[in-house]
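**Student:** Based on what follows, work out the 3D shape:
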Amino acid sequence: MRFTKSMYEVSESGLVNSIPSWKRFLSLSEQGVRRPPFDYFNASHQGMAQVFAPFTLLSAGVEPFQMPAFALRAMLNTYLVLLGHVDDPAVDRLRASIRDLCDQPLGTIDGFLNEDAALFIAAGTYYFGVKLPLSPSRVIPPILVSLWERRADLRARLPTINNVGTGENILLWARNEGRPQVDAIAAHFDGIVPFRKRGQRDDHGQEVFDELPVVQPRFQNIQDGI
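**Tutor:** Reported below is the predicted structural model:
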């Protein structure tokens, strides 16, 4: 989701306030969106924090393809292109230095950064949050909210009901444990008609997807040469 306004104009326009309570991953610029190939300031964590100041942060971080090496190479290679017409010995030396730097294993070196350091410097980040944690949710069924509020064991196990971006969350609990144990949860899910974008299809794809393991998101980099 991209916006052509600056984040300040977007925020003041009421767009942020109009986003419903379900969670969103958004790609916004701290100083306004650049057009390709200028994506190296796509969404800094400082900018995201300001845009989503009314929201409750659930998690924020840097995806492997957002690590600093990608932004460095994108900016430096763009710089080379823009200097391509210049005929000057000093610029020739600079171009050689930039090419040498871009040839370094920057993606591998990203692996020496911890998550806080990567989040601080990365030009692209993700923000996972919710605006109204206690409002009716379009993601979490009311039966699950009610059950979570009544059961101390669920609240102890899943202290943040809105955080469905982790390997253990209320939706996965409902599918794997709650549905077989609680009739009301089973009835809710049995009454859902699956959305099918292209008409009638068999359930093979869903069955394959259901068999996939749930993997907890983890911080990592992409090494050069892989």
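**Student:** list the contacts for L57?
**Tutor:** Shown in contact with L57 (Cβ atoms under 8 Å, 6 or more residues apart in numbering): A49, Y127, F128, G129. (Glycine included, C-beta is placed from N, CA and C.)
**Student:** Okay, and the beta partners of the last one?
**Tutor:** Think G129. R24, L57 (DSSP bridges).
**Student:** so it makes contact with V51?
**Tutor:** No: here G129 lies out of contact with V51, judged by Cβ atoms under 8 Å, at a distance of 10.4 Å.
**Student:** where along the chain do the strands fall?
**Tutor:** Ranges of strands in the chain, per DSSP state E, are 56-61, 126-130.
**Student:** could you redo those as CSV and give each row distance to I222 and mean pLDDT?
**Tutor:** Output for the strands of the chain, formatted as CSV (distance: least, Cβ to Cβ, whole Å; pLDDT from 0 to 100):
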stretch, distance to I222, mean pLDDT
strand 56-61, 15, 87
strand 126-130, 16, 86
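**Student:** just those: most buried one?
**Tutor:** Highest mean neighbour count among those (mean count of other Cβ atoms under 10 Å): strand 126-130, with a mean of 22.
**Student:** before we move on, the earlier item: any chance of TSV for the strands of the chain, columns distance to R138?
**Tutor:** Output for those, formatted as TSV (distance: least, Cβ to Cβ, whole Å):
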stretch	distance to R138
strand 56-61	16
strand 126-130	11
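**Student:** Tell me the gap between stretch 79-86 and the middle of its chain.
**Tutor:** 33 Å (Cα atoms, centre = their mean, to the nearest Å).
**Student:** what residues are up against E177?
**Tutor:** With Cβ under 8 Å, 6+ apart, E177 has no contacts at all.
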